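In: Quick one, fold the following:
(2 chains)
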Amino acid sequence: MNKIKIIIRKEWAEVFKNKMVIFTVAFLPLIMTALPLIILFSTRDAGIGNTFNSEVSQMVGGGICQEGLNGAECFQAYLVSQFMMLFMLIPLAIPITIAAYSIVGEKNSRSLEPLLATPITTFELLAGKSLSAVIPAVLATYGSFIFFLLGTWLLIPSKGLIFAFIDLRWLIAIFIVGPLIAILAVNLSLMVSSRVNDPRAAEQISMILIVPVLGLFFGQMAGLFILNKELIAIIAILLFVIDALIIFLAIKIFDREAILTKWR
Amino acid sequence: MINTNELEKKFGDATAVQSLNLDIKEGEVFGFLGPNGAGKTTTVRMLAGLIAPTKGSAIVNGFKIGLENHKIRSSVGVLTETPGLYDNLSADHNLRIFAELYGVKDIDGQVEKYLKMLDLWGRRFDVVSTFSKGMRQKLAIARAIIHEPRTLFLDEPTAGLDPEAAHILRSFISDLRKGGRTIFLCTHNLDEADRLCDRIGVFKTRLLVIDSPSKLRSSLFGRKIVFHLKKIDEIMISSIRKFDYVTNVNVVENKIVVTLDDPEIRNPELIKSLLDNNAELTFVGELRHSLEDVYLQLVQNAD
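Out: Here you go, the predicted model:
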């Protein structure tokens, strides 16, 4: 455990000196939090306040409209729900960027061999590298969500709306799906980084993960489905299985001998 | 100490190391010489517990490779072919990371000791990307030895350095041996191997020869004594040839070059014989072959 901590501290000391990493870690959560807040703020006087909640609830579906919300609040909750998937870009993009610069950087500077020559196990090395990318992503996701809740509470006169965002749907998405996406992203990025010599190439290839997330975003926007708590729970279970598989593959790829003799 | 038994490494069909048998004693400085691609780095990686051999076995510091790699890695230090430092971090930070990974107890003391020994103390908080090649190499050596390993593997420690930086590093390596540490030195620099090593192994996929530098010279070329004379005649040459321990006699201008085994014992008799035949000797000395001659002869014969 101590060696994992050493690797995490080393990774952070190195990778956070890179401007690209700082930009991704700092600005992405900022944008993804500001966007729904702007929408909430600009629709605070949407003019449908007199519409019955039940009518709007029927219209938006997915159990988004909760008891106590008026029509306008219900509509706002629906609009912002569309952006739930954008929140999921935070745990996706941050670890990809960190892992890409971390592994490709080590490859280019040939610093992996001295590291592998120390009494560190492959698991400790992989865990240290993965966690150094996952932790900032998860913290940024949680931080963004808390900031979003605070912003909602401060900007919107109706305090009932905030409870619409502390429902099971949002909580599963932020606190379970978010970390699972981060684990998937970091392991995919580690595998891709082992095959390329340019961090930007590793980043771009790994960003293929953005496709299913955007697919869910646009699918919901187009009204093809609603991301209700059941669907989000299914996504979480699927991600858990995929994560287990991809961790197994990453450990295989991170074989000490393969790193030394095949990584170019 | 290092002991290998028929150690072999193959990558697919290609053999990188074949039937390597070594017995390196504690405190010995062993030079591992060979051309590029000879398998030197692969050997170091196997002995440092980084990659597994295809066949054979080895014991390093009392631990079996393959079975006790973790213990081997704790007890050896490795200077890799390229320094592989963290360029964005300071020299101090680079060393601290590795000291922690090796479980060094007195990290502050060890970092200070080696940064001062290698004349990097004044630049300890500077990022490594601002360092010259020589400074980077010195830092990489400090990193390899920060945990006081019993065996040190040095892969081309002075490659690409200017003469002054190379001299500093050689002195440092020479000092390291005084502590009874075993040093396994891979190098192309034959002069360096000649100066630093107790024994040398010339290697090209397999071990071609292993011995001390002086014995390698004499076993390959014999020892040659050159006699400078004012004038040479056939009687003088015959007076030398008659001794059965003289294996060869060459005459070049006014010099007689004699090949024999024990010049320290035989020289007085040879000199007396020349003087008895009215030779006027102006100079007597040994004609030394460089280690480069030995190396080239062995490697070319291996082809």
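In: mind checking how far the residue of the stretch 201-303 of chain B found nearest chain A is from A:Phe254?
Out: Per Cβ to the nearest Cβ, B:Thr205 is where the stretch 201-303 of chain B lies closest to chain A, at 16.3 Å. Using the backbone N, CA and C atoms, a C-beta is placed for each residue, glycine as well. According to Cβ to Cβ, to the nearest Å, B:Thr205 stands 29 Å off from A:Phe254.
In: same thing with B:Ala14?
Out: As judged by Cβ to Cβ, B:Ala14 and A:Phe254 stand 24 Å apart.
In: quick check, B:Asp23 in a helix?
Out: No. Per DSSP: H, G, I helix; E, B strand; the rest coil, B:Asp23 lies outside any helix segment and is strand.
In: B:Asn3 is in contact with that one, correct?
Out: Yes. With contacts counted by Cβ atoms under 8 Å, B:Asp23 reaches B:Asn3, the gap being 5.4 Å.
In: Pull the contacting residues for residue 256.
Out: All of this is about chain A. Applying Cβ atoms under 8 Å, 6 or more residues apart in numbering or on different chains to A:Arg256 gives the contacts A:Leu116, A:Thr122, B:Leu50, B:Ile51.
In: that's the other chain; I wanted chain B
Out: Residues counted as contacts of B:Ile256 (Cβ under 8 Å, 6+ apart) are B:Val226, B:Phe227, B:Leu229, B:Ile232, B:Met236, B:Ile237, B:Ile240, B:Val249, B:Asn250.
In: What about the residue of the stretch 201-303 of chain B closest to chain A, how many residues nearby?
Out: 20 (other Cβ atoms under 10 Å in any protein chain shown).
In: quick revisit: can you turn the buried part of the contacts of B:Ile256 into a ChimeraX selection?
Out: The following ChimeraX line selects those of the contacts of B:Ile256 that are buried, judged by 16 or more other Cβ atoms under 10 Å in any protein chain shown:
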select /B:227,229,232,236,237,240
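In: Filter the contacts of B:Ile256 down to the ones in strands?
Out: If you go by DSSP state E, the contacts of B:Ile256 have B:Val226, B:Phe227, B:Leu229, B:Val249, B:Asn250 in strands.
In: before we move on, back to that, how about TSV for the contacts of B:Ile256, with distance to A:Leu28 added?
Out: Formatted as TSV, the contacts of B:Ile256 follow (distance: Cβ to Cβ, whole Å):
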residue	distance to A:Leu28
B:Val226	78
B:Phe227	84
B:Leu229	88
B:Ile232	89
B:Met236	92
B:Ile237	90
B:Ile240	88
B:Val249	84
B:Asn250	80
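In: Output the contacts of B:Ile256 as TSV; include the columns distance to chain A and pLDDT.
Out: Output for the contacts of B:Ile256, formatted as TSV (distance: Cβ to the nearest Cβ, whole Å; pLDDT from 0 to 100):
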residue	distance to chain A	pLDDT
B:Val226	48	89
B:Phe227	53	90
B:Leu229	58	90
B:Ile232	59	87
B:Met236	61	87
B:Ile237	59	88
B:Ile240	56	88
B:Val249	53	88
B:Asn250	49	86
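In: Output the set of residues of chain B in proximity to chain A.
Out: Residues of chain B lying close to chain A by Cβ under 8 Å from any Cβ of the partner chain are B:11, B:45, B:48, B:50-52, B:70-71, B:73-74, B:76, B:78, B:80, B:82-89, B:93, B:97-98, B:100-103, B:140, B:143-144.
In: For the residue of the stretch 101-250 of chain B found nearest chain A, which non-adjacent residue is spatially closest?
Out: Residue of the stretch 101-250 of chain B nearest chain A, by Cβ to the nearest Cβ: B:Leu101 (4.3 Å). Excluding the flanking residues, the one nearest B:Leu101 by Cβ to Cβ, 6 or more residues apart in numbering or on different chains is A:Thr118, at 4.3 Å.
In: So residue 177, which state does it fall into?
Out: Defaulting to chain A. Three-state call for A:Val177 (three-state DSSP): helix.
In: check contacts around it.
Out: A:Met88, A:Ile232, A:Ile235, A:Ala236, A:Leu239.
In: Same question for B:Arg123.
Out: B:Arg123 makes contacts with B:Ala91, B:Phe131, B:Met135, as judged by Cβ under 8 Å, 6+ apart.
In: Would you mind giving both backbone torsions of the first one?
Out: The phi and psi values for B:Ala91, taken as degrees, to the nearest 10, are phi -60, psi -40.
In: One more: the second one?
Out: Dihedral pair for B:Phe131: phi -80, psi 150, per degrees, to the nearest 10.
In: How much space separates it from B:Lys116?
Out: From B:Phe131 over to B:Lys116 (counting by Cβ to Cβ), the distance is 16 Å.
In: And the first one, by the same measure?
Out: For B:Ala91, the distance to B:Lys116 under the criterion Cβ to Cβ works out to 12 Å.
In: Mind checking which of these two has more residues around it?
Out: B:Ala91 (28 against 13).
In: Go ahead and confirm the more buried one touches B:Leu115.
Out: Yes. B:Ala91 is within contact range of B:Leu115, at 6.6 Å (criterion: Cβ under 8 Å).
In: In the chain, where's the longest helix?
Out: I went with chain A, as the question did not name one. Counting residues, the longest helix in chain A under DSSP state H turns out to be helix A:122-155.
In: ah, I was thinking of chain B
Out: Chain B, longest helix under DSSP H: helix B:163-178.
In: For that helix, C-alpha coordinates in PDB please.
Out: C-alpha atoms of helix B:163-178 as PDB (Å, rounded to 0.1, in the frame of the first residue of the first chain):
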ATOM      1  CA  PRO B 163      36.400  13.100 -20.700                       C
ATOM      2  CA  GLU B 164      36.100  15.100 -17.400                       C
ATOM      3  CA  ALA B 165      32.700  13.800 -16.600                       C
ATOM      4  CA  ALA B 166      33.800  10.200 -17.500                       C
ATOM      5  CA  HIS B 167      36.800  10.600 -15.300                       C
ATOM      6  CA  ILE B 168      34.700  11.700 -12.300                       C
ATOM      7  CA  LEU B 169      32.300   8.800 -12.800                       C
ATOM      8  CA  ARG B 170      35.200   6.300 -13.100                       C
ATOM      9  CA  SER B 171      36.700   7.600  -9.800                       C
ATOM     10  CA  PHE B 172      33.300   7.200  -8.200                       C
ATOM     11  CA  ILE B 173      32.900   3.600  -9.400                       C
ATOM     12  CA  SER B 174      36.500   2.900  -8.200                       C
ATOM     13  CA  ASP B 175      35.500   4.200  -4.800                       C
ATOM     14  CA  LEU B 176      32.400   2.100  -4.700                       C
ATOM     15  CA  ARG B 177      34.400  -1.100  -5.000                       C
ATOM     16  CA  LYS B 178      36.300  -0.200  -1.800                       C
END
